[in-house]
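Chemist: Sequence and predicted structure below; questions after.
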Amino acid sequence: MGENAILDYSSDSSHVVKNDITNKVKILGCSVVLFFSSVADDKIKAKPADFTFNFQQAVSASLDDTIIDSRVEYKERASIIRNEWKKELSKIALYEDNWDAEGAIKVPHVVLGKAIQLLDFTDTNIHLIQDIYANPSGTISIEWGNTNDETIGVEVGARKMSYYTSLRGDEDSFFNSLLIDKSNLTALFDRVRRL
């Protein structure tokens, strides 16, 4: 551009540039052409900029940046939510036998570890977790839900898990005694993504 101008973008089509140069933006089809005007000897001189700015590429790049920003923001929020649920699990770790006064089994550390593994496995819809709680049998349950009354619940044991899904357009499904492995966790979270 000849001069090292720094643009200060505002909400209208005029932009202020360092060294008292003012840009006027004109949209021509899918391109934006910058015209410079400067004041010299009380005369306004206008000349086209040395380049044509591709408007479509700029919008696309801006959207890409917005998508990346929102993904980073979501990952940060997901991490905060995950840590809050891990705090809930640490409270459950303090439960002793008969914690419900009806003979409930203390949740073994290996089960707590599997529940943490499950939380760590995904960022998908972690904000839709409605509850995490201990079961009298020494397992942990995690429930997801959304505003469409769709739910998924998983019961996590030391080596196996069982879960149900209640999703619109599908019959309720039950998956019992599945090994807690990558394949079964992937299948579970494919369903969670549908919430």
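Modeler: Nice, I can see it. Numbering: from 1, shown residues only.
Chemist: pLDDT at residue 39, what is it?
Modeler: Looking at residue 39, its pLDDT stands at 45.
Chemist: Going by secondary structure, the residue lying closest to residue 121 once chain neighbours are set aside is in what exactly?
Modeler: Excluding the flanking residues, the one nearest residue 121 by Cβ to Cβ, 6 or more residues apart in numbering is residue 185, at 5.1 Å. Any C-beta I mention is one placed from the backbone N, CA and C, and that applies to glycine too. Secondary structure from DSSP states H and E places residue 185 in helix 182-192.
Chemist: What residues sit buried inside that helix?
Modeler: Within helix 182-192, the residues scored as buried using 16 or more other Cβ atoms under 10 Å are 185, 188-189, 191-192.
Chemist: try stretch 155-162
Modeler: By neighbour count on 16+ other Cβ under 10 Å, the buried set for stretch 155-162 is 155-158, 160-162.
Chemist: Let me see the contact set for residue 122.
Modeler: By Cβ atoms under 8 Å, 6 or more residues apart in numbering, residue 122 lies in contact with 185, 189, 192.
Chemist: ok, so of those residues, who is nearest residue 81?
Modeler: residue 192 (13.7 Å; Cβ to Cβ).
Chemist: show me the contacts for that closest one.
Modeler: Applying Cβ under 8 Å, 6+ apart to residue 192 gives the contacts 122, 124-125, 128, 144, 152.
Chemist: For the residues you listed, which ChimeraX command selects only the ones that are buried?
Modeler: For the buried members of the contacts of residue 192, the matching ChimeraX selection, counting by 16+ other Cβ under 10 Å, is:
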select :122,124,125,128,144,152
